[in-house]
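1. let me see the structure of the following:
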Amino acid sequence: MTKLSRYEQETIINFNAGEEMATVYTRDPAVMRKLDALVIEFPEVYRCIGYTDIDKTYEMPKTSVSYRKPRKLSEEQREQAKERMKNINSRA
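-> The predicted model follows:
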C-alpha cells in the first residue's frame, strides 16, 4: 500500500434523499479497518463495493450514518472517570 500523507487520508460519505443507501469512499486506514470489521460482522448491512491499493468504497444504509451531540460531563463525572483511569493505569 502506498504511504499517504495525513491530508490525503480522506473519507467522503455520499447519500441523497432519493436513495436508501450511502456510499463511503475512504483512504484512511483506520476507517478501512473499522468498516472491514463491520463488513465481516454484518455482511447483510455493510458491503465493500470497490478497492485499490490505496482506497476502498463501501455501501451501507444511510440510517447507519450517525450525527451525535457532543458529550457533556459534570465535574463529578469527570472526577469519577479520572479516578477510574488512575486505577486502570496503576494496575498496568
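2. touching the helix or strand that contains Asn89 from outside, list them.
-> For Asn89, the element it lies in under DSSP states H and E is helix 75-91. The contact list for helix 75-91, computed with C-beta atoms under 8 Å, 6 or more residues apart in numbering, reads Leu73. Using the backbone N, CA and C atoms, a C-beta is placed for each residue, glycine as well.
3. what's the mean pLDDT across it?
-> Averaging pLDDT along helix 75-91 gives 93.
4. so where's the protein uncertain?
-> 1, 92 (pLDDT under 70).
5. from Gln80, how far off is the most centrally placed residue in it?
-> Centroid check for the chain by C-alpha atoms, centre = their mean gives Val31 as the closest residue, at 5.0 Å. Using C-beta to C-beta, to the nearest Å, Val31 is found at 31 Å from Gln80.
6. now swap in Pro61 and tell me
-> 36 Å.
7. now Val24
-> Counting by C-beta to C-beta - Val24 and Gln80 are separated by 36 Å.
8. got it, and Leu73?
-> For Leu73 relative to Gln80 (C-beta to C-beta), the value is 9 Å.
9. rewinding a little: for the closest residue to the residue nearest to the centre of the chain other than its chain neighbours, grab the count of nearby residues.
-> Computed as C-beta to C-beta, 6 or more residues apart in numbering, the closest residue to Val31 that is not its neighbour in sequence is Thr11, at 5.1 Å. Around Thr11 there are 14 other residues, counting by other C-beta atoms under 10 Å.
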